[in-house]
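Peer 1: this one's sequence-less:
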């Protein structure tokens, strides 16, 4: 069982963009110092304000990164799945966790401690460079969300969200990850009722269709 766990950790680390520049010996070292964490559906993986002491990498399942507004309403900042990571920022500046992370389904995660992560960055310039690229990408995504809230109506925000979540699959642009209307609303700052209306209108207009519970974007 220990060997199987180590082998799985190694396979996952090889495919994490953050560690793409590492050689096999360094990946092997990291895989041996990683821990594991399991979270059941609706369980908090981390809470805003917690001390930042590790990096998390998704093995299985999905999580959502959330904050709350002044009235206690949930705002979804991101949804993460296999191979994606979170917790990097606090490992750099020492700040507490800035958001809650909640399991959307039963999930398993790799856990890399703060000291080992910082050693890896010091010893491997490529990891530091990749980390900067990850943070820049997230900053650009935040800028796009702010732009959407300021300039786009709900139709535009729903359309942009679907496009950003989609990926090419056999020539089709498909949203593979399941997402509820309520979660879409929390991601774009709208009501669930309005999001449901927009999605229905997009379907009736022929811009999207459903295939095996997946959304297929047929017009852009």
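Peer 2: Looks like it arrived, so ask away. Because the structure is a prediction, the values reported are computed rather than measured. Residues are numbered from 1 along each chain as shown.
Peer 1: go through the helix or strand encompassing residue 139 and flag the buried ones.
Peer 2: Element membership for residue 139 (DSSP states H and E) is helix 125-151. Residues of helix 125-151 classed as buried by neighbour count (16 or more other CB atoms under 10 Å): 127, 130-131, 134, 145, 148. Glycine gets a C-beta too; all of them are placed from N, C-alpha and C.
Peer 1: centre of the chain to it, how far?
Peer 2: 13 Å (CA atoms, centre = their mean, to the nearest Å).
Peer 1: for the record, mean pLDDT for it?
Peer 2: The pLDDT scores in helix 125-151 average 83.
Peer 1: same question, stretch 83-100
Peer 2: Mean pLDDT, stretch 83-100: 88.
Peer 1: not counting it itself, show me its contacts.
Peer 2: Residues outside stretch 83-100 that contact it (CB atoms under 8 Å, 6 or more residues apart in numbering): 12, 15-18, 44, 46-52, 54-58, 63, 65-67, 77-78, 80, 101, 114, 117-118, 131, 134-135.
Peer 1: return the set of buried residues in that stretch.
Peer 2: So for stretch 83-100, counting by 16+ other CB under 10 Å, buried means 84-91, 97-100.
Peer 1: same check on stretch 51-61?
Peer 2: Neighbour count says stretch 51-61 has 52, 54-59, 61 buried, by 16+ other CB under 10 Å.
Peer 1: so of those residues, which ones are in strands?
Peer 2: Counting by DSSP state E, the buried residues of stretch 51-61 place 54-59 in strands.
Peer 1: I'm done for today, thanks for sticking with me.
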